[in-house]
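K.L.:
Have a look at this prediction, sequence included:
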Amino acid sequence: MFVTKAVSQGYITDLFLELKQFLKCWKAQRDSIHQNYVFTLNLQPLNSDNICVTEQLALGETRQASKTWDQEYDSLVLPLLQDDLPSYILYRLDSSNNQGYEWIFMAWSPDHSPVRHKMLYAATRATLKKEFGGGLIKDELFGTTKEDVSLSGYKKYLVTKAAPLPLTAAEEELRQIKLSEVQTDISVDTKQQTLQGVAFPMHGDAFEALKRFRDKQVNYVQLEIDFAKELIRLSNTEPTEVKDLPKRIPTESARYHFFRYNHSHEGDYLESTVFIYSMPGYKCSIKERMLYSSCKNPLVDMVENNMQIDILKKLEIESGEELTGDFLYEEVHPKQHAHKQAFAKPKGPAGKKGGRRITRPPGDGEEDD
């Protein structure tokens, strides 16, 4: 029997001759093996209370199969599992690498097993893998229930292993932006107007409303994104004054707004077009925030360049309460700061260096008689 001794610190210190001999014989013939093998390693011997007395790691059972690895997996592995005793199980696969056949390494640690056993198995795990040959171990399983190390559990592990890593919040937002950049194909016969660089085309009603806004037939246009139809749609064109703007801003969803701000400034009557992008904070989903954000600039470019609508001011708000008359006026006509006088170097204190001194050659200061 192949036996190792595991000290309480968790390191394998002594390899007994019988265990070494088993590994030596097994390694010598492993490349010529054409049948599956499964064997267990347990802490032995145990007393009547199922307590390990000598803290020895011993070879338990070995089994041989004649079918493919997955056909007899459950019938060979599951009977080796004890409900109250941890163990290591190694199961050979049909695949191989440059070192030989590949194996599954299973660490079985049932919930009801003694805590001391769990600690010893956890501490000796790395050393055992090294002695066995880390390059031969293809996959590792850890189980507390039989379902964890059964064939179905192993297949679930493989699916999880192949799946991409979970995305962080920032990576998820970038993924949503890339999804929003996918262009929708529009045929030459369609009546929808396509915004270049925008993920979704503009519905005909929205395009016509902007034309009416340009021609001063309406003074307010609200647009929204229809996620189901993948369109930018018209939402509202009600006549709107400054006092009505807060009521036009939804509190649960984002919108684009085009508003003609009629006002007087320094004695002149002005009609200024203001673009407002309203996004009520994190009340919207990540997808909605990303799509509205990515569609905003191309929409504004199309309105300014293609439809020749001069947008004087572009605003981003979270709540309609921000849209007061004073706020709009200050945004459209920001206060000009008074010109600051250039810094003047102060003069030094008078007389610090003393009066000016004139040095004359000897005799120059004497008057002739």
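P.N.:
Nice, I can see it.

K.L.:
And the strands in the stretch 251-369 of the chain, which stretches?
P.N.:
255-265, 268-278, 311-317 (DSSP state E, counting those that start in this stretch).

K.L.:
Of those strands, flag the one that's most buried.
P.N.:
Among the strands of the stretch 251-369 of the chain, the stretch with the highest mean neighbour count (mean count of other CB atoms under 10 Å) is strand 255-265, at a mean of 18. C-beta: built from backbone N, CA, C; applies to glycine.

K.L.:
any weak-confidence spans in this structure?
P.N.:
For the chain, applying pLDDT under 70 flags the ranges 1-58, 177-199, 337-369.

K.L.:
thinking again about what came up before, tabulate the strands of the stretch 251-369 of the chain (TSV), appending distance to residue 144.
P.N.:
As requested, the strands of the stretch 251-369 of the chain are exported to TSV (distance: least, CB to CB, whole Å):
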stretch	distance to residue 144
strand 255-265	52
strand 268-278	51
strand 311-317	52
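
K.L.:
Tell me which of these sits nearest to residue 298.
P.N.:
Using CB to CB as the measure, strand 255-265 is the one of these that comes nearest residue 298, at 11.5 Å.

K.L.:
tilt between that closest one and strand 268-278?
P.N.:
160 degrees (axes from the mean of the first three to the mean of the last three CA atoms, to 10 degrees).

K.L.:
who does strand 255-265 touch, helix- and strand-wise?
P.N.:
helix 204-214, strand 220-226, strand 268-278, helix 286-305, helix 325-332 (3 or more CB pairs under 8 Å, 6 or more residues apart in numbering; DSSP states H and E).

K.L.:
how about those in TSV, adding distance to residue 133?
P.N.:
Shown next, in TSV, are the helices and strands packed on strand 255-265 (distance: least, CB to CB, whole Å):
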stretch	distance to residue 133
helix 204-214	67
strand 220-226	58
strand 268-278	61
helix 286-305	46
helix 325-332	71
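
K.L.:
Tell me which of those is the most buried.
P.N.:
Of the helices and strands packed on strand 255-265, strand 220-226 is the most buried (mean count of other CB under 10 Å), at a mean of 20.

K.L.:
which other helices and strands contact it?
P.N.:
helix 204-214, strand 231-236, strand 255-265, helix 286-305.

K.L.:
what does the shortest one contact?
P.N.:
Under the contact criterion CB atoms under 8 Å, 6 or more residues apart in numbering, strand 231-236 has outside partners 192, 195, 198, 200-203, 205-206, 209, 220-226, 248, 255-256, 295, 299.

K.L.:
one more time with 10 Å
P.N.:
184, 192-193, 195, 198-210, 220-226, 248, 250, 253, 255-257, 295, 299 (CB atoms under 10 Å, 6 or more residues apart in numbering).

K.L.:
Which one, of the helices and strands packed on strand 220-226, ends up nearest to residue 323?
P.N.:
Among these, strand 255-265 sits nearest to residue 323 (CB to CB), with 8.8 Å.

K.L.:
what's the angle between that closest one and strand 231-236?
P.N.:
Using the same axes, to 10 degrees: strand 255-265 against strand 231-236 is 50 degrees.

K.L.:
Export strand 255-265 to PDB, keeping only CA atoms.
P.N.:
Taking Å, rounded to 0.1, in the frame of the first residue of the first chain, the C-alpha atoms of strand 255-265 are listed here in PDB:
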ATOM      1  CA  ARG A 255     -35.600  62.100 -24.100                       C
ATOM      2  CA  TYR A 256     -34.200  64.500 -26.700                       C
ATOM      3  CA  HIS A 257     -35.800  68.000 -26.800                       C
ATOM      4  CA  PHE A 258     -35.600  70.800 -29.400                       C
ATOM      5  CA  PHE A 259     -37.000  74.100 -28.000                       C
ATOM      6  CA  ARG A 260     -37.200  77.600 -29.600                       C
ATOM      7  CA  TYR A 261     -36.400  80.000 -26.800                       C
ATOM      8  CA  ASN A 262     -38.000  83.300 -27.500                       C
ATOM      9  CA  HIS A 263     -36.700  86.100 -25.300                       C
ATOM     10  CA  SER A 264     -35.300  89.600 -25.300                       C
ATOM     11  CA  HIS A 265     -31.600  90.400 -24.700                       C
END
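
K.L.:
Check which residues of the helix or strand where residue 128 lies are buried.
P.N.:
Element membership for residue 128 (DSSP states H and E) is helix 115-132. Under the neighbour-count criterion of 16 or more other CB atoms under 10 Å, helix 115-132 has 117-118, 120-121, 123-125, 127-129, 132 buried.
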